[in-house]
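Engineer: quick one, fold the following:
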Amino acid sequence: MSILTSATLALCPFPLRRNSSLLTHGPAQPKQKLKLKRDGEGIGIGMGRATRSSGKASSLRCTSTSSVTSPPKGEGEGQGQGQGFDLRSYWNSVRKEMEAELEKAVPLRYPEKIHVSMRYSVLAEKAKRGPPMMCIAACEAVGGSKEQALPTACALEMVHTASLIHDDLPCMDDDPIRRGQPSNHTVFGVDMAVLAGDALFPLGFEYIVSSTSDVPPDRIVKVITQIAKTVGSQGMVAGQYMDLGSTGNNRFDPSLVGFIHERKFGIMAECSAVTGGIIGGATDEEVERLRNYGRSVGVLYQIVDDILEEEALLEGNGGVIKKNKTSYPRAYGLEKAREIAETLRSNAKMELSGFDRGKSAPLYSFVDYAIDRSFDV
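Structural biologist: Numbers count the residues shown, from 1 in each chain. So this is what the prediction gives:
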């Protein structure tokens with residue numbers, strides 16, 4: 001089995017289809033070019049490490065021939081869904097709305113210092129707002145509205161930010177930079193950073209309950225349950241635990257790398273797509289498609305970040321990589337990592353085949369962005 005071995009599957013708390021995005025790489029197919037552009041912020045969707053970069057997009061282009069599982073006609077890129085869609089404008093529009101919403105959702109209150117710390121990270125200027133964008137796009141893809149999804153999208157950003165604050169702590173990944181600025185603990189101290197993260201998690205749940213309108217209560221309960229599972233001991237905490245507990249050559253075992261990436265990166269994107277779908281009234285089948293889509297895109301985004309870091313280092317174009325960083329390029333080699341990235345792109349698009357092409361254009365376009373990084377957010 002390619003990314004997840006049978007032993008790893010036994011650890012998974014939720015069912016994974018044998019043909020799901022993370023399990024199916026398929027045989028070699030006609031060759032394509034994988035074009036990669038270094039991401040300015042260096043963080044994908046999920047509980048990731050910060051890249052020590054200037055925050056500016058690099059002109060670096062990394063091109064390689066890789067095997068791709070091509071989707072059938074009518075599914076995914078066979079019909080070019082999302083082509084011509086202006087993802088940049090859509091994303092920037094969501095970001096502006098999110099900034100205003102977060103400003104209201106995380107006000108400056110007493111005791112002041114803890115709220116200053118919370119706002120420092122959640123309102124960071126270079127935050128991409130990937131989870132909120134995916135949540136809103138998924139809601140719209142199933143017929144819901146941006147207004148319905150906005151409180152949940154806001155909560156996802158709080159939860160995502162909280163996970164990053166904790167991820168950066170000296171006892172975790174020990175990263176001094178996040179979103180182009182010093183990490184929370186670097187500015188406010190470890191004790192305040194822990195409290196800021198602790199406060200943002202429940203604030204997200206509170207905001208969903210208090211601010212969501214025109215959504216049936218049973219959907220809100222499902223959304224809260226989904227987010228709670230995502231951040232808990234079977235979700236992102238499990239990924240971080242396995243990452244911390246891996247040592248030596250064990251860090252590069254493919255099955256372990258797959259598990260860690262699914263839980264640290266894939267699961268947050270999965271949660272974003274699923275909660276957006278639930279808010280919008282998605283059917284059970286649509287929810288599962290969104291689940292597989294989000295999981296694939298979340299892992300894809302981080303794999304590409306890791307590929308770009310490795311290639312920048314090899315080509316002498318800057319970049320800093322921790323010696324024992326757990327990554328797909330370290331586990332599989334660069335060429336195989338590129339193949340996996342292209343396969344995840346194809347499989348993510350196939351999961352969207354049952355959705356209205358116009359309404360799901362942002363989701364299609366984001367898959368290509370995860371690899372091409374064609375603009376700065």
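Engineer: what is the mean pLDDT for stretch 270-289?
Structural biologist: Within the predicted structure, the mean pLDDT of stretch 270-289 is 98.
Engineer: and stretch 165-174, by the same measure?
Structural biologist: The predicted model assigns stretch 165-174 a mean pLDDT of 93.
Engineer: can you get me the start-to-end distance on that stretch?
Structural biologist: Here the two ends of stretch 165-174 are set 10 Å apart, with distance taken as C-alpha to C-alpha, to the nearest Å.
Engineer: how about the strands in the stretch 251-377 of the chain?
Structural biologist: With strands called from DSSP state E, counting those that start in this stretch, the stretch 251-377 of the chain shows none.
Engineer: which sections of the stretch 251-377 of the chain are below the confidence cut-off?
Structural biologist: Across the stretch 251-377 of the chain, the ranges flagged by pLDDT under 70 are 251, 317-324.
Engineer: then the stretch 1-150 of the chain?
Structural biologist: In the prediction, the stretch 1-150 of the chain carries residues with pLDDT under 70 at positions 1-83.
Engineer: which stretches of the stretch 101-250 of the chain form helices?
Structural biologist: Assigned helices in the stretch 101-250 of the chain, in chain order: 112-122, 130-141, 146-167, 184-188, 190-211, 217-231, 236-245 (criterion: DSSP state H, counting those that start in this stretch).
Engineer: give me the angle between the second one and helix 146-167.
Structural biologist: In this case it means helix 130-141. For helix 130-141 against helix 146-167, the angle between stretch directions is 160 degrees (axes from the mean of the first three to the mean of the last three C-alpha atoms, to 10 degrees).
Engineer: tell me the angle helix 130-141 makes with helix 217-231.
Structural biologist: Note on geometry: by the same axes, to 10 degrees, helix 130-141 and helix 217-231 are set 150 degrees apart in direction.
Engineer: by contact count, what packs against helix 130-141?
Structural biologist: Using 3 or more C-beta pairs under 8 Å, 6 or more residues apart in numbering; DSSP states H and E, the elements in contact with helix 130-141 are helix 87-105, helix 146-167, helix 267-280, helix 284-314, helix 361-372. From N, CA and C alone the C-beta is placed, and that goes for glycine too.
Engineer: turn these into JSON lines, columns for distance to Glu335 and mean neighbour count.
Structural biologist: Listed next are those as JSON lines, based on distance: least, C-beta to C-beta, whole Å; neighbours: other C-beta atoms under 10 Å:
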{"stretch": "helix 87-105", "distance to Glu335": "28", "mean neighbour count": "16"}
{"stretch": "helix 146-167", "distance to Glu335": "29", "mean neighbour count": "26"}
{"stretch": "helix 267-280", "distance to Glu335": "25", "mean neighbour count": "30"}
{"stretch": "helix 284-314", "distance to Glu335": "10", "mean neighbour count": "24"}
{"stretch": "helix 361-372", "distance to Glu335": "15", "mean neighbour count": "23"}
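Engineer: any idea which of those helices gets closest to Tyr120?
Structural biologist: Comparing the helices and strands packed on helix 130-141 against Tyr120 with C-beta to C-beta, the closest turns out to be helix 146-167 (9.5 Å).
Engineer: what packs against that closest one?
Structural biologist: Packed against helix 146-167, as judged by 3+ C-beta pairs under 8 Å, 6+ apart, are the following elements: helix 87-105, helix 112-122, helix 130-141, helix 190-211, helix 217-231, helix 267-280.
Engineer: could you give the angle of it to helix 87-105?
Structural biologist: Our comparison of helix 146-167 with helix 87-105, counting by the same axes, to 10 degrees, yields an angle of 80 degrees.
Engineer: if we can go back for a sec, and Val122, which of the helices and strands packed on helix 130-141 is closest to it?
Structural biologist: Taking C-beta to C-beta as the criterion, Val122 comes closest to helix 146-167 out of those, the separation being 4.6 Å.
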